[in-house]
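Visitor: Build the 3D model from these lines:
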Amino acid sequence: VSTHIQLAQGATAALTLSGITVLSDVSCIRVDTGATLSLHLNGSNSLTTWNQDEANISNAGTLIIDGDGTLHTGSIGERYAAIIGGDAGESGGKIVINSGTIDMDLTDAGIVLGAGIGAGNPHDYSTHSSGGQTIINGGTVVMASRGSSPIGIGGRGTEGYAIEINDGNLTLSGAPCLGFDNGSGEIAIHGGVIQADSQAVGGEAIGGSFSSIVIDGGQVSASAFGGGVAIGGDGGTICISGGDVTATAYDMSEGGSGSLVLCGAAIGAGEGKNVDSIRISGGHVTATTRARKANKQMGAAIGSSGSTDGRWPSTVGTIALTGGVIVAGTYDAAGQSTGTAIGMGQGNTTSPAVTVDGAAIIATSLQSDTVYSSGIVFAGGRNGTVYGSPVKISEDFTVPDGSQLVISDGQTVTVGNGASFSGKVDGTLMVEQGASVELADGTSVTAGKGGLTYQGVTPVIPAGGCAVITDSSGTATTVTLPDSSGNVTVGQDGS
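Guide: Coordinates of the predicted model:
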């Protein structure tokens, strides 16, 4: 068909899709500048245009999607327009997804340059659209792709675009899955469950060319290969202050394609690219770079990517680790640690300034000139070292197998309210009310070492270990368990 539904400039309307299928040579739905369309999904629906310059749902105003139905939408042949959002060279307006399912299958599409949701790609790469915004408050978004590797949410050739994820379930494959290319924009993840896997050699999963990436909530898993970066790429700042974040970069794809000479960073800058700063101040962050076959240059888990003989250097200005729990590792094809897990990737000459000031870190290695002000660090399989005092553990933390946390006399380490701690300890560990601690069996805690100090909690301590109980009057009593399991219950007044 050659007809569509068009909402004129300044108009406001609501539309329900209920079990319809449309294949058109123009946009199926068009929302003009200044117009607002509330699109309700009911049942299974399909909208597709084969026009390479027009989006299936073209938006220059405000598009709000909700409902309990599904929208199937994709691409036929080469495409410059977005699937939902901007026509070729257009930003795509404001798109809000509150509920419903959007299923974009691009596995059999041609070269798709526009985003799945977001901006259309201009024909002239020297021009850029400006503005545009996608907000996801709920629902499910799925985009499957291969070969052509379109951007999932964001856009190419756009400046000032903003992506905000507050909730929902996103499963995206693209390059990048969330982000930008030949332009810049902001990415903010506050919640939801996100699985982002780059499908292009050297492509990013979350980021690309960006001005800022902020993650302060949700469950985020991202992967890239062949020199690509899982989170980052080329841009300004990466800030992680909450959530559960897993980022993995491989030298090549699981099927064997991709670069055999380098591996990108899991979180940081790509080959030949720059990131101004990385700051991790909270949450659980697991970053890994891993070779699937023998390679030459490994990227850091957090920092810069590997560089091919230094010809395309990767640089990061600063890495500040001020809170949260961070697990970082860099491994060769045999599974052995190699390179630097936090800092400069192999083959580069400019190292970032790395500081640890409050984080709890488990890493295969850190850059040799790292500055340690405060925190807990397990590096290279060795026992954990406490830097500075006092130190508070505010996220759930598990001591690595075969290691123990060594707390020297005069140092104070506290497990904060709402956090949990498990593993071996040599020294005195403070526990706030509302926290939980379970220590491994053994003699890592003894009366001679000071034992444990608990206030208002029920501790689980190792056989032969002890608890130092301080009541509300300040009187301390030491209780030592026999060489069998048991617990000590401490009253609210500390008795």
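Visitor: rest of the way, CA atoms for contacts and neighbours
Guide: Will do.
Visitor: OK, contacts around residue 351?
Guide: Shown in contact with residue 351 (C-alpha atoms under 8 Å, 6 or more residues apart in numbering): 315, 316, 317, 343, 344.
Visitor: which element is the closest residue to the second one other than its chain neighbours on?
Guide: Ranked by C-alpha to C-alpha, 6 or more residues apart in numbering and with sequence neighbours excluded, the top spatial neighbour of residue 316 is residue 275, at 4.9 Å. According to DSSP states H and E, residue 275 maps onto strand 274-290.
Visitor: I'd like the next helix or strand past that strand.
Guide: strand 302-304.
Visitor: From the chain's centroid, how far away is that next one?
Guide: 14 Å (C-alpha atoms, centre = their mean, to the nearest Å).
Visitor: Quick check: which ranges of the stretch 201-350 of the chain have low pLDDT?
Guide: Counting by pLDDT under 70, the stretch 201-350 of the chain contains low-confidence residues at 253-261, 295-296, 309-310.
Visitor: separation between the nearest residue to residue 375 once chain neighbours are set aside and residue 312?
Guide: Excluding the flanking residues, the one nearest residue 375 by C-alpha to C-alpha, 6+ apart is residue 358, at 4.3 Å. From residue 358 over to residue 312 the distance is 33 Å, taken as C-alpha to C-alpha, to the nearest Å.
Visitor: out of the two, which sits in the busier spot?
Guide: For residue 358 versus residue 312, neighbours defined as other C-alpha atoms under 10 Å are more numerous around residue 358 (29 against 16).
Visitor: can you give me phi and psi for the more buried one?
Guide: The phi/psi pair for residue 358 (degrees, to the nearest 10) reads phi 120, psi -10.
Visitor: which SSE is residue 425 in?
Guide: Using DSSP H and E, the element containing residue 425 is strand 420-426.
Visitor: What pairs with that strand, parallel or antiparallel?
Guide: strand 397-398 (parallel), strand 404-406 (parallel), strand 436-439 (parallel) (DSSP bridges).
Visitor: These: which one's closest to residue 34?
Guide: strand 397-398 (49.8 Å; C-alpha to C-alpha).
Visitor: ok, residues contacting that closest one?
Guide: 325, 360, 419, 420, 421, 422, 423.
Visitor: Switch these over to TSV; also include distance to residue 6.
Guide: Converted to TSV, these look like this (distance: C-alpha to C-alpha, whole Å):
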residue	distance to residue 6
325	50
360	55
419	53
420	55
421	58
422	60
423	62
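Visitor: ok, so of those residues, who is nearest residue 266?
Guide: residue 325 (16.1 Å).
Visitor: how about residue 198, what does it touch?
Guide: 149, 173-177, 204-205, 222-225, 228, 230.
Visitor: Within the helices and strands, which one has residue 372?
Guide: Using DSSP H and E, residue 372 falls in strand 371-379.
Visitor: packing partners for that strand?
Guide: Applying 3 or more C-alpha pairs under 8 Å, 6 or more residues apart in numbering; DSSP states H and E, we find strand 371-379 packed against strand 353-363, strand 384-387, strand 391-393.
Visitor: okay, those strands in JSON lines with mean pLDDT and distance to residue 8 next?
Guide: What follows is the helices and strands packed on strand 371-379, written out as JSON lines (pLDDT from 0 to 100; distance: least, C-alpha to C-alpha, whole Å):
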{"stretch": "strand 353-363", "mean pLDDT": "97", "distance to residue 8": "53"}
{"stretch": "strand 384-387", "mean pLDDT": "96", "distance to residue 8": "63"}
{"stretch": "strand 391-393", "mean pLDDT": "93", "distance to residue 8": "55"}
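Visitor: so how many other residues sit close to residue 116?
Guide: Other residues close to residue 116 by other C-alpha under 10 Å number 35.
Visitor: Quick check, it in contact with residue 151.
Guide: Yes - contact criterion C-alpha atoms under 8 Å: residue 116 and residue 151 qualify, at 6.2 Å.
Visitor: How much space separates the closest residue to residue 359 other than its chain neighbours from residue 389?
Guide: Ranked by C-alpha to C-alpha, 6+ apart and with sequence neighbours excluded, the top spatial neighbour of residue 359 is residue 323, at 3.8 Å. Using C-alpha to C-alpha, residue 323 is found at 14 Å from residue 389.
Visitor: With neighbour numbers in mind, choose between these two.
Guide: Counted by other C-alpha under 10 Å, residue 323 and residue 389 do not tie: residue 323 has more neighbours, with 27 against 15.
Visitor: on that earlier part again, can you tell which of the strands paired with strand 420-426 is closest to residue 366?
Guide: So among those, strand 404-406 is nearest, using C-alpha to C-alpha, at 17.8 Å.
Visitor: want to try CSV for the contacts of residue 351, with distance to residue 248, secondary structure and neighbour count as columns?
Guide: As requested, the contacts of residue 351 are exported to CSV (distance: C-alpha to C-alpha, whole Å; DSSP: H, G, I helix; E, B strand; the rest coil; neighbours: other C-alpha atoms under 10 Å):
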residue, distance to residue 248, secondary structure, neighbour count
315, 19, strand, 29
316, 18, strand, 30
317, 21, strand, 19
343, 16, strand, 30
344, 16, coil, 31
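Visitor: give the contact list for residue 334.
Guide: With C-alpha under 8 Å, 6+ apart, residue 334 has no contacts at all.
Visitor: Tell me the secondary structure at it.
Guide: coil (DSSP: H, G, I helix; E, B strand; the rest coil).
Visitor: Tell me which residues are up against stretch 131-138.
Guide: Taking C-alpha under 8 Å, 6+ apart as the rule, stretch 131-138 contacts 91-100, 117-119, 153-154, 158-169, 192.
Visitor: Please repeat the previous calculation with a cut-off of 7 Å.
Guide: Applying C-alpha atoms under 7 Å, 6 or more residues apart in numbering, the external contacts of stretch 131-138 come out as 91-99, 118, 159-168.
Visitor: Output it as PDB, restricted to C-alpha atoms.
Guide: The C-alpha coordinates for stretch 131-138 follow below in PDB (Å, rounded to 0.1, in the frame of the first residue of the first chain):
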ATOM      1  CA  GLY A 131      18.600  16.300  19.400                       C
ATOM      2  CA  GLY A 132      16.300  13.300  19.800                       C
ATOM      3  CA  GLN A 133      15.500  11.100  22.800                       C
ATOM      4  CA  THR A 134      14.500   7.600  23.700                       C
ATOM      5  CA  ILE A 135      13.100   6.800  27.200                       C
ATOM      6  CA  ILE A 136      12.300   3.200  28.200                       C
ATOM      7  CA  ASN A 137      10.200   2.900  31.400                       C
ATOM      8  CA  GLY A 138       9.200  -0.700  30.800                       C
END
